[in-house]
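Peer 1: For reference, the sequence and a predicted model appear below.
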Amino acid sequence: MEGLPDVGSFSSRLKNTLIQYHNIEDDKWRVAKKTKDVTVWRKPSEEFNGYLIAV
């Protein structure tokens, strides 16, 4: 089993990634599903093959 990455470095990168996601312009997001209680938004990921999802 591989060792865990440096926790401090990993947490800093994760924090910065989440901040970048939070700061994505609203016009980049598209409604994926909408109900009377919840709207799910998606945007194609630039880091992997798939979508970022926001609820």
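Peer 2: On my side now, so go ahead.
Peer 1: where are the low-confidence patches of this structure?
Peer 2: 1, 4 (pLDDT under 70).
Peer 1: Strands along that one, start to end?
Peer 2: Along the chain, counting by DSSP state E, strands occupy 30-34, 39-44, 51-54.
Peer 1: what's the closest of those to G3?
Peer 2: Nearest to G3, of all these, is strand 51-54, at 28.8 Å by C-beta to C-beta. For every residue, glycine as well, the C-beta is placed using N, CA and C.
Peer 1: Dump the C-alpha coordinates for that closest one into CSV.
Peer 2: Extracted C-alpha coordinates of strand 51-54, given in CSV (Å, rounded to 0.1, in the frame of the first residue of the first chain):
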residue,chain,number,x,y,z
TYR,A,51,-19.3,16.7,-14.6
LEU,A,52,-19.0,18.9,-11.5
ILE,A,53,-22.3,18.7,-9.7
ALA,A,54,-23.8,21.4,-7.4
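Peer 1: Does anything pack onto it? Which helices or strands?
Peer 2: Applying 3 or more C-beta pairs under 8 Å, 6 or more residues apart in numbering; DSSP states H and E, we find strand 51-54 packed against strand 39-44.
Peer 1: outside of the strand it packs on, which residues touch it?
Peer 2: Residues from elsewhere that reach strand 39-44 (C-beta atoms under 8 Å, 6 or more residues apart in numbering): 24, 28-34, 50-55.
Peer 1: quick revisit: Serialize the strands of the chain to TSV and add fields for distance to T17 and mean neighbour count.
Peer 2: What follows is those, written out as TSV (distance: least, C-beta to C-beta, whole Å; neighbours: other C-beta atoms under 10 Å):
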stretch	distance to T17	mean neighbour count
strand 30-34	21	11
strand 39-44	14	14
strand 51-54	10	14
